[in-house]
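> Build the 3D model from these lines:
(one chain, ligands or ions: 1)
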Amino acid sequence: MKRLFGKSLVVVLAAMLAAALAKPALADPIIIKFSHVVSPDAPKGKAALLFKQLAEKYTDGKVTVEVYPNSSLYKDKEELEALQLGSVQLLAPSISKFGPLGVKEFDVFDLPFLMTDDSHARQMMASPMMADLNKKLEDKGVEPLAYWDNGAHVYTANVPLNMPDDFRGLKMRIQGSKVLDAVARQLGAIPQIIAFGELYQSLQTGVADGEDNVPSNIWTQKLYDVQKYLTVSHHGRLTYSLITNKKFWDALPADVRPGLDRAVQESTAFFDDTAAKDNVTAMDQIKASGKIQVHVLTDTEKQAWIAALMPVHKEMQSRFGKDFIERIYKASGFVPPQS
Ligand code: SIN
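Residues are numbered from 1 along each chain as shown. Have a look, this model is predicted:
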């Protein structure tokens, strides 16, 4: 009897010990590392912090989001590799950087003057044809959760850029897309692929003479400190895709996914609201700094730029196919000028 009692006590104690050991493992939150390359006070930086707050709230603490801004975890190219390997779970890179994933189609959005304003850009990214492109990313193990349009590009340089000829011989930093490479070459410039995290230093040391970006990045990265001229050209756009590792996302527990989906939706709405406002404020701040001379292209200058860059559209037909480019024109509302 005594032995029996002793035995069951051992069993009970063992069960209690197992339960105690199992409990912390069950309660461990799922960690989502969100890496990005901009400053925490740029629109993407703010949206990433909001995503963290919402994701943790809507999953009742089952998820912890760690946000790594300013390329502190990975730079442009490494972050894509890290996502595919599962070392990081969320990114929001510019879609002009998707080439190394083996998906060349996203470069098409860099065709010069393709999207004239915010509403055309959003119309494009919400169009049904994005389903085909999203599938191409999924085939590479990358799930696009949302598109965040960060506005129109302006150029900065250490010489005035008013007419296409002004680019001749300049080393222009580009993000990496083949279309951006063709644009720089068409203007007679020398394209240099430089990671965003190295941009300030490259401009400061003369590794590059100029670059194009959105005002909120030029302001938050202090690029106006190392460039003398800014041209409001609106020749292209900066669009991000909020992407995750598909395997990771698909394997998330059923009680976690709805909260994360809601956090994605709400941070996307926040980003859409913030980006345009921040670009206007940043442009005012850049002008007020007095450090950089701002020029808005006149109609005549803009027509000269469009005429100089339309050959890139033609050249890219062999890369993307004429049909695909025409579908893109239709979805974006772009009407090629009569030649
Ligand atoms: C970004 O906004 O994520 C970086 C854009 C760039 O590389 O110019």
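> dump the residue contacts of the closest residue to the ligand within the stretch 151-300 of the chain.
Proximity to the ligand, evaluated over the stretch 151-300 of the chain using Cβ to the nearest ligand atom, is greatest for F196 at 3.6 Å. Using the backbone N, CA and C atoms, a C-beta is placed for each residue, glycine as well. Listed by Cβ atoms under 8 Å, 6 or more residues apart in numbering, the contact set of F196 reads 37-38, 71, 75-76, 175, 217, 221.
> Looking at these, which are in strands?
Members of those lying in strands (criterion: DSSP state E): none.
> Show the overlap between those and what lies near the ligand.
37-38, 175, 217 (Cβ under 6 Å from any ligand atom).
> For those residues, name the two members farthest from one another.
Spatially, the most separated pair among the ones next to the ligand among the contacts of F196 is V38 and Q175, at 13.0 Å (Cβ to Cβ).
> ok, then the element right after the helix or strand where L133 lies?
Using DSSP states H and E, L133 sits in helix 130-138. Scanning the chain past helix 130-138 towards its C-terminal end, the next helix or strand to appear is strand 142-152 (assignment: DSSP H and E).
> Excluding residues flanking it in the chain, which one is nearest T64?
Of all residues beyond its chain neighbours, the one nearest T64 is P29 (4.3 Å), with distances taken as Cβ to Cβ, 6 or more residues apart in numbering.
> Phi and psi next, for the one you found.
phi -70, psi 160 (degrees, to the nearest 10).
> ditto for F334
phi -80, psi 130.
> again, but for H153
Dihedral angles (degrees, to the nearest 10) for H153: phi -80, psi 140.
> ok so, going back, return the subset of the ones next to the ligand among the contacts of F196 lying in helices.
The helices, defined by DSSP state H, take in N217 from the ones next to the ligand among the contacts of F196.
> Could I get the full set of helices for the stretch 51-200 of the chain?
Ranges of helices within the stretch 51-200 of the chain are 76-85, 118-125, 130-138, 178-186, 199-205, based on DSSP state H, counting those that start in this stretch.
> re earlier: now do the residue of the stretch 151-300 of the chain closest to the ligand against Q317, distance only.
Counting by Cβ to Cβ, to the nearest Å, the gap from F196 to Q317 is 30 Å.
> Repeat that for Q53.
With distances taken as Cβ to Cβ, Q53 is found 45 Å from Q317.
> what number of residues lie near P336?
Look at P336: counted by other Cβ atoms under 10 Å, it has 15 neighbours.
> confidence score at it?
The model reports P336 with a pLDDT of 91.
> if I've got this straight, it is in a helix?
No: the assignment for P336 (DSSP: H, G, I helix; E, B strand; the rest coil) gives coil, which keeps it out of a helix.
> contacting residues for K291?
By Cβ under 8 Å, 6+ apart, the contact set of K291 is 224-225.
> Pull the contacting residues for R237.
Contact criterion Cβ under 8 Å, 6+ apart gives 109, 114-115, 121, 149-153 as the residues in contact with R237.
> remind me which residues of the protein are low pLDDT?
For the chain, residues meeting the criterion pLDDT under 70 lie at 1-27, 339.
> Buried residues in the helix or strand that contains L238, which are they?
Element membership for L238 (DSSP H and E) is strand 237-245. Neighbour-count burial for strand 237-245 flags 237-245 (criterion: 16 or more other Cβ atoms under 10 Å).
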